[in-house]
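[1] Okay, structure incoming, though there's no sequence with it:
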């Protein structure tokens, strides 16, 4: 039986994680470990997570001809960097950005890529009903894609997804508050330094900081990441989902989960790019 937002069942478990600055690989260690857990839990999961100021690079960014220079540019803004284990391009995480990962056991028939994106899009629509959200590529944003979420051409969020044999996760970053023009400038500097004098054969975005904004700016009201998280949970409840925490918390406290999390985090750490001397 499919429930609200086309999710299997009528209940969802939730967990919130603040990723410490010295454990940045935990962010995607959690993604992999929760993806592994979902088939046993047999319920969707909503994972909210935040990071210290960090540029999250996609696998494509490893192809930048001057990657070390690109990372040095990021560090000049006071941001750290981490490489995620999914495609796409660089995005920004900091105290004003909420990351939302929606995990779901795979059902039969298996949802299409479009259907999985639609689940997250409908959840975001329900969370921010006063925003006339559209999804199409904002070409000069950072990490542009078909499922960019925007209002009047100004992007506030991007969506990606990953699948395992028995589960899928759709991942959203949402710019809630903070200095979005600076974030855009940061990623523009990252790509300019990373390309140097080389031709842009990989079609890295020519970022225009003016094509992105935050939900706080659109609503013209102060808004925290905690406020945004509460809105997502309220949207779930309003749609008829029973929101719980205890079952997932108990499973995450088991040694099996801890072992998986440690292994996956270590694997992410091994994948990080080694910088060359400059």
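    Okay, I see it. Since the model is a prediction, treat every value here as computed from it, not as a measurement.

[2] can we go C-alpha only for contacts and neighbour counts from here?
    Will do.

[3] ok, which stretches of the stretch 1-150 of the chain are helices?
    For the stretch 1-150 of the chain, applying DSSP state H, counting those that start in this stretch gives helices covering 26-41, 67-76, 113-127.

[4] Now render these as JSON lines, adding mean neighbour count and distance to residue 87.
    Output for the helices of the stretch 1-150 of the chain, formatted as JSON lines (neighbours: other Cα atoms under 10 Å; distance: least, Cα to Cα, whole Å):
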{"stretch": "helix 26-41", "mean neighbour count": "21", "distance to residue 87": "13"}
{"stretch": "helix 67-76", "mean neighbour count": "20", "distance to residue 87": "16"}
{"stretch": "helix 113-127", "mean neighbour count": "18", "distance to residue 87": "14"}
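
[5] Dump those helices into JSON lines; add mean pLDDT and distance to residue 263 as well.
    Below are the helices of the stretch 1-150 of the chain laid out as JSON lines (pLDDT from 0 to 100; distance: least, Cα to Cα, whole Å):
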{"stretch": "helix 26-41", "mean pLDDT": "97", "distance to residue 263": "8"}
{"stretch": "helix 67-76", "mean pLDDT": "97", "distance to residue 263": "26"}
{"stretch": "helix 113-127", "mean pLDDT": "96", "distance to residue 263": "27"}
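
[6] Make CSV from those helices and add distance to residue 158 to it.
    What follows is the helices of the stretch 1-150 of the chain, written out as CSV (distance: least, Cα to Cα, whole Å):
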stretch, distance to residue 158
helix 26-41, 17
helix 67-76, 20
helix 113-127, 10
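
[7] and of the ones you listed, who's closest to residue 206?
    Closest to residue 206 of the helices of the stretch 1-150 of the chain is helix 67-76 (Cα to Cα; 14.1 Å).

[8] on that earlier part again, of the helices of the stretch 1-150 of the chain, give the one that comes closest to residue 200.
    helix 67-76 (13.4 Å).

[9] Contacts for the closest one next, please.
    55, 61, 80-81, 186-187, 189-195, 275-278 (Cα atoms under 8 Å, 6 or more residues apart in numbering).

[10] Specify the beta-bridge partners of residue 173.
    With DSSP bridges as the criterion, residue 173 is bridged to residue 99, residue 158.

[11] Begin at 30, not 1, for the rest of this chat.
    From this message on, residue numbering opens at 30, which makes the last subject residue 202.

[12] ok now do it, which residues does it touch?
    So residue 202 contacts 126, 127, 128, 129, 186, 187, 188 (Cα under 8 Å, 6+ apart).

[13] Skip the chain neighbours and tell me the closest residue to residue 301.
    With sequence-adjacent residues excluded and distances taken as Cα to Cα, 6 or more residues apart in numbering, residue 301 is closest to residue 112, at 5.9 Å.

[14] quick revisit: return a selection command, for use in PyMOL, containing the buried ones of the contacts of helix 96-105.
    Remark: buried members of those, expressed as a PyMOL selection using 16 or more other Cα atoms under 10 Å:
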select buried, resi 84+90+109+110+215+216+218+219+220+221+222+223+224
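
[15] Just the ones of the contacts of helix 96-105 in strands?
    84, 109, 110 (DSSP state E).

[16] where's the first one relative to residue 102, distance?
    According to Cα to Cα, to the nearest Å, residue 84 and residue 102 sit 11 Å apart.

[17] all strands for this structure, in order.
    Using DSSP E, strands in the chain cover 40-48, 74-80, 83-86, 109-112, 120-122, 126-134, 163-164, 178-180, 183-192, 196-204, 271-273.

[18] Adding mean pLDDT and distance to residue 67 as columns, could you present those strands in JSON lines?
    Formatted as JSON lines, those follow (pLDDT from 0 to 100; distance: least, Cα to Cα, whole Å):
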{"stretch": "strand 40-48", "mean pLDDT": "98", "distance to residue 67": "10"}
{"stretch": "strand 74-80", "mean pLDDT": "98", "distance to residue 67": "8"}
{"stretch": "strand 83-86", "mean pLDDT": "98", "distance to residue 67": "24"}
{"stretch": "strand 109-112", "mean pLDDT": "97", "distance to residue 67": "24"}
{"stretch": "strand 120-122", "mean pLDDT": "98", "distance to residue 67": "25"}
{"stretch": "strand 126-134", "mean pLDDT": "98", "distance to residue 67": "6"}
{"stretch": "strand 163-164", "mean pLDDT": "96", "distance to residue 67": "28"}
{"stretch": "strand 178-180", "mean pLDDT": "98", "distance to residue 67": "26"}
{"stretch": "strand 183-192", "mean pLDDT": "95", "distance to residue 67": "11"}
{"stretch": "strand 196-204", "mean pLDDT": "97", "distance to residue 67": "6"}
{"stretch": "strand 271-273", "mean pLDDT": "98", "distance to residue 67": "14"}
